[in-house]
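Colleague: got a structure for you, letters missing:
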């Protein structure tokens, strides 16, 4: 959201982003039917930061990922994509960057490096939405859910994958997020806990969870799609 300070977040990879990136291979996602058309893309990462989770998803699942964040973050995010172009090509993935304000989530501005321009995409949704360490303030849960409702594909195959640190100060925000996701007709289908490797010199636990629509057709009707 435009009201939240970026504070050079693109220069640091948070533990939850690494945990999320390293657990993606465990999740079987059905990318058949409709992916990479004008309305459905493979992956959108919300609050991407360095983009490590979205880049990993593009490689692991051999699909297109749109890495989104605040305007101040996107230039560094674009640089990270360029640094990983060879790796993406080797693994059959593709990544682009975009600006997405969670308070106005239907206004996605995608950077197009091939034309040195930008395009607005009001309608694209993702088979998979990723978000790592995006809930650390009371204003985040309602904004994040608003973005999820606008950008997650309205399909039984669609999945939302979240990861966050289990810090005491964040637990109320996480509880609020879960309640809001359930009220938005999403249900948790899988969850687990991991720790980062020893090089991080921390003993913190991270929780990841996978969500899907309770009733995709109902969600589609409610959205007016």
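Modeller: All right, it came through fine. In this text, all values refer to a predicted model and were calculated from it rather than measured experimentally.

Colleague: Need the per-residue pLDDT for the residue nearest to residue 92 when sequence neighbours are not counted.
Modeller: Once flanking residues are discounted, residue 92 sits nearest to residue 62: 3.8 Å by C-beta to C-beta, 6 or more residues apart in numbering. The way it works is simple: take the backbone N, C-alpha and C, and place the C-beta from them, glycine included. If you check residue 62, the pLDDT there is 95.

Colleague: Likewise for residue 12?
Modeller: 62.

Colleague: Residue 24 now?
Modeller: 95.

Colleague: Wasn't it part of a strand?
Modeller: No: using DSSP: H, G, I helix; E, B strand; the rest coil, the assignment for residue 24 is helix, not a strand.

Colleague: That one and residue 194, how far apart?
Modeller: Separation of residue 24 from residue 194 (C-beta to C-beta, to the nearest Å): 12 Å.

Colleague: repeat for residue 136
Modeller: From residue 136 to residue 194 the distance is 19 Å (C-beta to C-beta).

Colleague: Counting neighbours, go ahead and name the busier of the two.
Modeller: Neighbour tally, residue 136 and residue 194, criterion other C-beta atoms under 10 Å: the higher count belongs to residue 194, 17 against 14.

Colleague: Helix, strand, or coil at the nearest residue to that one once chain neighbours are set aside?
Modeller: Excluding its sequence neighbours, the residue lying closest to residue 194 (C-beta to C-beta, 6+ apart) is residue 19, at 4.8 Å. Under the three-state scheme (three-state DSSP), residue 19 adopts helix.

Colleague: Shouldn't residue 67 be within a strand?
Modeller: Yes: residue state for residue 67 (three-state DSSP) corresponds to a strand.

Colleague: tell me the contacts of it?
Modeller: 45, 48, 51, 54, 55, 77, 81, 95, 96, 97, 98 (C-beta atoms under 8 Å, 6 or more residues apart in numbering).

Colleague: Which pair of these spans the longest distance?
Modeller: The span of these, defined through C-beta to C-beta, is set by 55 and 98 at 14.2 Å.

Colleague: Give me the helix or strand of this structure that scores worst on average pLDDT.
Modeller: Sorting the helices and strands of the chain by mean pLDDT, DSSP states H and E puts strand 117-121 at the bottom, at a mean of 67.
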